[in-house]
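**Student:** Below are the sequence and a predicted model; questions follow.
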Amino acid sequence: MTAAKILLIRHGESVANVAATAAEAAGAETIDVTARDADVPLSALGERQAASLRPRLRDELGAEWDRALVWSSPYRRAVNTAQLALGDRAFAIDERLRDRELGILDALTSRGVDARLPEEAARRRWLGKFYYRPPGGEAWTDVALRLRSFTGELGHADGRTVLLFTHDAVVSLFLYVLLGWTEEQLNAFLVDRVVGNATVTTLVADGPAWRVEAFSDDAHLTAAGLPATEHPGAARVID
């Protein structure tokens with residue numbers, strides 16, 4: 001029996017989120033990051049955002065708190081978010097939930113890609129963001145493939161709630177995979193929507209299908225008096 005509900009939780013604001021947004025606003029070509037993507041920590045605000053998830057999840061899960069299945073991306077910002085949201089509650093790590101890898105585009109802004117890698121910029125425009133794979137990186141379809149592999153874990157959920165601490169592109173692609181969307185449907189859905197930091201996207205089993213109950217819900221941030229930040233991930237900024 002599969003899961004009854006899936007809570008897709010994006011990590012809190014990271015220091016790279018802040019640096020990337022600042023670099024794009026300044027028209028810079030590079031993003032000032034000093035750690036590899038897997039090691040980027042939360043910002044001070046991101047830590048508070050993550051902590052605000054705890055009462056939200058406690059209330060939502062209720063008596064199911066100890067029964068829910070919980071996984072996190074291995075990236076530091078996702079793990080830190082899970083730790084702050086769950087306290088001493090144990091969770092598993094699964095590398096299939098990691099962020100999309102950008103390869104040679106890593107730490108470049110959209111302007112930096114155009115200026116330094118014009119052939120790649122042209123190739124991306126031709127292929128479109130869904131199928132474009134940067135050298136050394138992943139296409140959105142590559143991420144979708146590993147998520148299709150991960151969904152096998154849901155078959156062992158026995159009607160329980162599943163919590164996944166992950167990244168904005170991964171949240172979006174779970175909708176594509178689980179709802180059976182096409183490339184065009186996903187692109188249309190994301191035209192005016194962004195997965196905010198420390199938000200909760202809820203999918204509910206509806207017979208053999210899934211439906212979106214809530215997308216990028218940040219009510220817990222409002223309750224805690226914290227700002228909601230969107231900061232599209234680097235993969236989304238370049239796209």
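**Tutor:** Nice, I can see it.
**Student:** For the strand or helix carrying residue 70, name the packing helices and strands.
**Tutor:** For residue 70, the host element (DSSP states H and E) is strand 69-72. For strand 69-72, the elements it packs on are helix 76-86, strand 92-93, strand 161-166, judged by 3 or more C-beta pairs under 8 Å, 6 or more residues apart in numbering; DSSP states H and E. Quick note: C-beta positions are derived from backbone N, CA and C, even for glycine.
**Student:** which residues make contact with the top helix by length along the chain from outside it?
**Tutor:** Within the chain, and with DSSP state H defining each element, the longest helix by residue count is helix 44-61. Applying C-beta atoms under 8 Å, 6 or more residues apart in numbering, the contact partners of helix 44-61 are 7, 9, 11-15, 17, 42, 65, 68, 77, 80-81, 83-87, 161, 163, 197-198, 200, 219-221, 223-224, 226-227, 229.
**Student:** how far is that helix from where the chain is centred?
**Tutor:** Put simply, helix 44-61 sits 16 Å off its chain's centre (C-alpha atoms, centre = their mean, to the nearest Å).
**Student:** I'd like the mean pLDDT over that helix, please.
**Tutor:** Average pLDDT, helix 44-61: 97.
**Student:** for the chain, what are the low-confidence residue spans?
**Tutor:** Within the chain, the ranges that satisfy pLDDT under 70 run 1, 233-239.
**Student:** ok, which stretches of it are strands?
**Tutor:** Counting by DSSP state E, the chain has strands at residues 5-10, 69-72, 92-93, 161-166, 200-206, 209-217.
**Student:** before we move on, the earlier item: next, the angle from the longest helix of the chain to strand 5-10.
**Tutor:** Going by axes from the mean of the first three to the mean of the last three C-alpha atoms, to 10 degrees, helix 44-61 is angled at 170 degrees with respect to strand 5-10.
**Student:** what angle do helix 44-61 and helix 76-86 make?
**Tutor:** Using the same axes, to 10 degrees, helix 44-61 lies at 50 degrees relative to helix 76-86.
**Student:** Report the strands that pair with the strand holding residue 70, each with its relative direction.
**Tutor:** With DSSP bridges as the test, strand 69-72 is paired with strand 92-93 (parallel), strand 161-166 (parallel).
**Student:** For those strands, give me a markdown table that also has mean neighbour count and distance to residue 134.
**Tutor:** Listed next are the strands paired with strand 69-72 as a markdown table, based on neighbours: other C-beta atoms under 10 Å; distance: least, C-beta to C-beta, whole Å:
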| stretch | mean neighbour count | distance to residue 134 |
| --- | --- | --- |
| strand 92-93 | 13 | 25 |
| strand 161-166 | 25 | 20 |
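**Student:** Switch those over to a markdown table; also include distance to residue 100.
**Tutor:** Putting the strands paired with strand 69-72 into a markdown table (distance: least, C-beta to C-beta, whole Å) gives the following:
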| stretch | distance to residue 100 |
| --- | --- |
| strand 92-93 | 18 |
| strand 161-166 | 11 |
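**Student:** Since that was my last question, I'll sign off now.
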